[in-house]
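J.: Kindly generate the corresponding structure for this input.
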Amino acid sequence: MRILGFGVIGPYFFENEAGNAVTLNGVRYRNMITEFLWPQLDGTDTKDMWFQLDGATCHTARETTELLREKFPGRVILRNGDHNWPPR
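T.: You can find the predicted model right below:
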C-alpha cells in the first residue's frame, strides 16, 4: 500500500488573492482537491491508494467525502468514512 500525503504532493497554502492566509472551510478545501490535487494525480493509478483525513469539519463534510470517494471508492479513512478513523 502506498501512502499519499500532502507533503509529498504539496505544500498547498490557503490564501486569498492578496496572498494572505485564509480560514479553511469546506468550499476552499474541495476547491483545492479539484483544482490542485486531482491534476497532481492525473496519470497516477490510484486503485491501491487510500485517502486519510482527520476529523476537521471541512474534511468530514458530506460533500467532501462524496468528492473523495469518486477517486478513492471504498478507500477513504475518516470518522464515519469507508473505514472509521476514531477521534484523537
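J.: most centrally placed residue in this structure?
T.: Central residue of the chain (C-alpha atoms, centre = their mean): residue 33, 5.9 Å from the mean position.
J.: Contacts only, for that one.
T.: 64, 67-68 (C-beta atoms under 8 Å, 6 or more residues apart in numbering). To be clear about C-beta, it is placed using only N, CA and C from the backbone, and glycine gets the same treatment.
J.: If we use 10 Å, what do you get?
T.: 12, 41, 51, 64, 67-68, 70-71 (C-beta atoms under 10 Å, 6 or more residues apart in numbering).
J.: Out of these, which end up buried?
T.: 41, 51, 64, 67-68, 71 (16 or more other C-beta atoms under 10 Å).
J.: Of these, which pair is most distant in space?
T.: 41 and 64 (16.3 Å; C-beta to C-beta).
J.: got the residue ranges for the strands in this structure?
T.: Along the chain, counting by DSSP state E, strands occupy 2-3, 49-52, 76-77.
J.: Quickly, which of these bottoms out on average pLDDT?
T.: When the strands of the chain are ranked by mean pLDDT, strand 2-3 comes last with a mean of 50.
J.: Residue ranges in the protein under the pLDDT threshold?
T.: Flagging of the chain using pLDDT under 70 yields the residue ranges 1-8, 87-88.
J.: Helices of the chain, start to end?
T.: Here the chain has its helices, by DSSP state H, at 6-9, 26-32, 38-41, 57-60, 62-71.
J.: Turn these into JSON lines, including distance to residue 77.
T.: Shown next, in JSON lines, are the helices of the chain (distance: least, C-beta to C-beta, whole Å):
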{"stretch": "helix 6-9", "distance to residue 77": "15"}
{"stretch": "helix 26-32", "distance to residue 77": "16"}
{"stretch": "helix 38-41", "distance to residue 77": "17"}
{"stretch": "helix 57-60", "distance to residue 77": "11"}
{"stretch": "helix 62-71", "distance to residue 77": "10"}
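J.: Out of these, flag the one nearest residue 17.
T.: Nearest of those to residue 17, taken as C-beta to C-beta: helix 26-32 at 13.0 Å.
J.: mind listing what's buried in that closest one?
T.: Counting neighbours by 16+ other C-beta under 10 Å, one finds that the buried residues in helix 26-32 are 26, 29-30, 32.
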